[in-house]
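Engineer: need coordinates for the below:
(one chain, ligands or ions: 2)
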Amino acid sequence: MSKTDFKTLTLTKEMLHNLNEIGYKEMTPIQAQSLPFILEGRDVIAQAKTGSGKTAAFGIGLLHKLQVKKFRVQTLILCPTRELADQVAKELRTLARFAHNIKILTLCGGSAFGPQLGSLRHGAHIVVGTPGRILKHLKKETLSLKDMDTLVLDEADRMLDMGFSEEINEVLGFTPKEKQTLLFSATYTDEIMDISAKIQKDAINIKTTSIEVANKITERFYEVQNSQKIDTLINIFSNFKPENVIVFANTKVEVDKIAQTLQKRKIDALAIHGDLEQYERNDVLVQFANGSCRVLVATDVAARGLDIKELSMVVNYDMPHGEETYTHRIGRTARAGKEGLAFTLYEAYETDKAYEYKNETRLFEDASKLKEIDGFEMKPAYITLVIEGGKKDKVRAGDILGALTGDAGLEGSAIGKIEIYEKQSYVAILNSKIDKAHSKLKDGKIKAKRFSVWIL
Ligand code: ADP
Ligand code: MG
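Structural biologist: Ligands and ions are numbered 1, 2, ... in the order given. Reported below is the predicted structural model:
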């Protein structure tokens, strides 16, 4: 029997039969690695990319231990959006076909509260929902987790991105101490590891993506004339097509000049340096981090503390002052196991300095080999909406999400990162949906209050 055969697991005949019926012939890697531990009742933190079969990994585990005769909520699954919760519920229903009468209920924001009360009165074994709405039911005592023994955080990184960490913490306060906690995430960040350390016990750590391989950064050096620098920069963008990029320059003046020139050339760029006010700096960083700006032009100091999960490219527009700065700058790319690209431009008079960087892997190439591509543009995928309300107004990510997705509003997939600050909140909205989102928030209410809303 192969190691990926479901029969290697201690599953019931009925479950195995159903898996076969629905066409699951063998386990996917994430299932093969995590299910033995999940079935043992261990806490598991698992990373795998989208489409790798995470739902069945936790789904088979939780259905296996479910006591069908005990009609109480035994499992809670938290998801970032209604669409994802619906998908999980659908997959669970398919997996649950081996038994009769397993009740799975979804509770998400953006849907009317009243009908949910009715469904809750009828009871459920498994609840799938978004953190904000689940919390609301817990506070109103319309949902009890007294008999719950399994908690799943699905797409935990996305939930954190959407600003749900506070709600998740509060939901945890309503759960029994003794429970199995399964945490799934496409990326491993410090935040994810923190959450795991806080809420999991002795968790088994499973990674199935190439993250274990050392980050791969391809480093290229180009000698250019000063007057050719901007064109070379744009050629680098058009030839290598980065999703997002930080361009380092050594002076504030240079940083501003580069950003302005790029904007004129239809490349979406923002500048950040020490002369900006704190709020301006924050606006820029929020936009870069949530995908509303693709090119950030920065001085070393300004880029300090910047934590961008997936940066595809770093360009040293000016030579860094020494190997240490160089390593620090380019180390920001190739996060999360992705290949990173690092470019360094130097002028003829800097050749000696540049050659000190030579080693077996760094490529010194001729910039004229880059193709000139006409009509190249870089537009951001998202646009940021600012809401003049934040923590002090008790605004939460769930409230904003509810206001955007409720009553034939936007789909959850149109909404990116949500960040809540003291007095303001920032929401990333897919480019094509910005008008709809803007008018929905402008004309609607959040927490029964009207807030000013504008596009950043
Ligand atoms: P993820 O949550 O990791 O993004 P899903 O759990 O949504 O991925 O699974 C992706 C798809 O793979 C779904 O259509 C699911 O039905 C299917 N799938 C999951 N496990 C198996 C398996 N063992 N064999 C065949 N298909 C599977
Ligand atoms: Mg999933």
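Engineer: tell me who's in contact with the closest residue in space to D5 that isn't next to it in sequence.
Structural biologist: In this structure, D5 finds its nearest non-sequential neighbour in E26, 5.9 Å apart by CB to CB, 6 or more residues apart in numbering. The way it works is simple: take the backbone N, C-alpha and C, and place the C-beta from them, glycine included. Listed by CB atoms under 8 Å, 6 or more residues apart in numbering, the contact partners of E26 are 2, 4-6.
Engineer: ditto for R82
Structural biologist: Contacts for R82 (CB under 8 Å, 6+ apart) come out as 106, 108-111, 130, 405, 412.
Engineer: please apply the same query to T351.
Structural biologist: E223 are the contacts of T351 under CB under 8 Å, 6+ apart.
Engineer: show me what counts as buried in the helix or strand containing it.
Structural biologist: Element membership for T351 (DSSP states H and E) is helix 351-355. Within helix 351-355, the residues that qualify as buried are A354, counting by 16 or more other CB atoms under 10 Å.
Engineer: near ligand 1, which residues of the chain? Just list them.
Structural biologist: Residues of the chain found near ligand 1 (CB under 6 Å from any ligand atom) are 24, 27-28, 31, 48, 50-56, 91.
Engineer: just the buried residues out of the residues you listed, in ChimeraX syntax.
Structural biologist: Remark: buried members of those, expressed as a ChimeraX selection using 16+ other CB under 10 Å:
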select :24,27,28,31,48,52,53,54,55,56,91
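Engineer: so the protein: which segments form each domain?
Structural biologist: With domains defined by automatic domain parsing, the chain comprises 6-207, 216-369, 382-455.
Engineer: and these as JSON lines, adding mean pLDDT?
Structural biologist: Converted to JSON lines, the domains of the chain look like this (pLDDT from 0 to 100):
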{"stretch": "domain 6-207", "mean pLDDT": "93"}
{"stretch": "domain 216-369", "mean pLDDT": "89"}
{"stretch": "domain 382-455", "mean pLDDT": "91"}
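Engineer: for those domains, which one sits closest to F376?
Structural biologist: domain 216-369 (3.9 Å; CB to CB).
Engineer: show the contacting residues for the residue most central in space within the chain.
Structural biologist: The chain has R158 as the residue nearest its centroid, 3.9 Å off, counting by CA atoms, centre = their mean. Contacts for R158 (CB under 8 Å, 6+ apart) come out as 80-81, 186.
Engineer: could you do K229 as well?
Structural biologist: Applying CB under 8 Å, 6+ apart to K229 gives the contacts 317, 345.
Engineer: next, the buried residues of whichever helix or strand it is part of.
Structural biologist: Assigned by DSSP H and E, K229 falls within helix 229-240. By neighbour count on 16+ other CB under 10 Å, the buried set for helix 229-240 is 229-230, 232-238, 240.
Engineer: for the residue nearest to D5, helix, strand, or coil?
Structural biologist: Recorded secondary structure, E26: coil (DSSP: H, G, I helix; E, B strand; the rest coil).
Engineer: got it, and T10?
Structural biologist: Following three-state DSSP, we place T10 in the coil state.
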